[in-house]
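Colleague: build me a model:
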Amino acid sequence: MKNVGIVVGSLRKQSWSRKLALSLIKLKPSFLNMEIVEIGRLPLYNQDLDDENRPPKEWEEFRENVKKFDGIIFVSPEYNRSIPAPLKNAIDVGSRPYGKSIWSKKPTAIISNSLGAIGGFGANHHLRQSLVFLDMPCMQQPEAYIGDVSHLFDANSNISKKETEEFLHKFMETYANWLKTTSE
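Modeller: So this is what the prediction gives:
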């Protein structure tokens, strides 16, 4: 059994990213345990608090929580051709203090989304750039850019487009198998 955390880049309760994350949990292979890692209560990163050995309890709890995962999936919208500030903050909180990153060596994958046609391409690649520095091996294929996300779900938050559901199922199967081989 492998444990995977899903970091959702949007804080909105009914965000498209959260709905995608919940769909991934439904589509996961049976040998994966998956849960959403909440980032909305993390105070902004300030290195002085780590340097003075007084990190907020929210940072400490977040760091301890992420350590238990064998892998991470990021599901994020695109804001201004990049990732939302809460996601960048969570990455910063987890990567500090220097030399104690919780992210290092955790196999990861990214699913970006947007209302537009290019599916958050900018956010996806901006996030990949940070993950390289964080020493997080990132699954290369299939890439996942979910466009026109506002028309993807039915009234019950289920994926209404069969081809997208099939793609996400394949994405999860590929990630799960890659995670097994990468983390053994």
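Colleague: tell me, how many residues neighbour the closest residue to Ser95 other than its chain neighbours?
Modeller: Nearest residue to Ser95 in three dimensions, chain neighbours excluded: Ser101, at 4.5 Å (Cβ to Cβ, 6 or more residues apart in numbering). In short, each C-beta sits where N, CA and C put it, glycine included. For Ser101, the neighbour count with other Cβ atoms under 10 Å is 19.
Colleague: what's the answer for Glu61, then?
Modeller: 13.
Colleague: quick check, it in a helix?
Modeller: Yes: counting by DSSP: H, G, I helix; E, B strand; the rest coil, Glu61 is part of a helix.
Colleague: state the pLDDT value of it.
Modeller: The per-residue pLDDT reported for Glu61 equals 98.
Colleague: kindly report the same for Glu184.
Modeller: Per-residue confidence (pLDDT) for Glu184: 62.
Colleague: where does the closest residue to Gly9 other than its chain neighbours sit, in terms of helix or strand?
Modeller: In this structure, Gly9 finds its nearest non-sequential neighbour in Ser76, 2.9 Å apart by Cβ to Cβ, 6+ apart. Ser76 belongs to strand 71-77 when assigned by DSSP states H and E.
Colleague: and Phe153, what does it touch?
Modeller: By Cβ atoms under 8 Å, 6 or more residues apart in numbering, the residues touching Phe153 are 16, 19, 159-160.
Colleague: before we move on, what about Arg128?
Modeller: If you count contacts by Cβ under 8 Å, 6+ apart, Arg128 has them with 110, 138.
Colleague: got the CA coordinates for the longest helix anywhere in the chain in CSV?
Modeller: Counting residues, the longest helix found in the chain (DSSP state H) is helix 162-182. Taking C-alpha atoms only, helix 162-182 is exported to CSV below (Å, rounded to 0.1, in the frame of the first residue of the first chain):
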residue,chain,number,x,y,z
LYS,A,162,-16.4,10.4,-20.5
GLU,A,163,-13.1,11.1,-22.4
THR,A,164,-11.8,13.2,-19.5
GLU,A,165,-12.7,10.5,-16.9
GLU,A,166,-10.9,7.9,-19.0
PHE,A,167,-7.9,10.1,-19.3
LEU,A,168,-7.8,10.7,-15.5
HIS,A,169,-8.2,7.0,-14.9
LYS,A,170,-5.2,6.3,-17.2
PHE,A,171,-3.3,9.2,-15.5
MET,A,172,-3.9,7.6,-12.0
GLU,A,173,-2.9,4.1,-13.2
THR,A,174,0.3,5.4,-14.8
TYR,A,175,1.1,7.4,-11.7
ALA,A,176,0.4,4.5,-9.4
ASN,A,177,2.7,2.2,-11.3
TRP,A,178,5.4,4.8,-11.7
LEU,A,179,5.2,5.5,-7.9
LYS,A,180,5.7,1.7,-7.2
THR,A,181,8.8,1.5,-9.3
THR,A,182,10.2,4.9,-8.3
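Colleague: fine, thanks again, bye for now.
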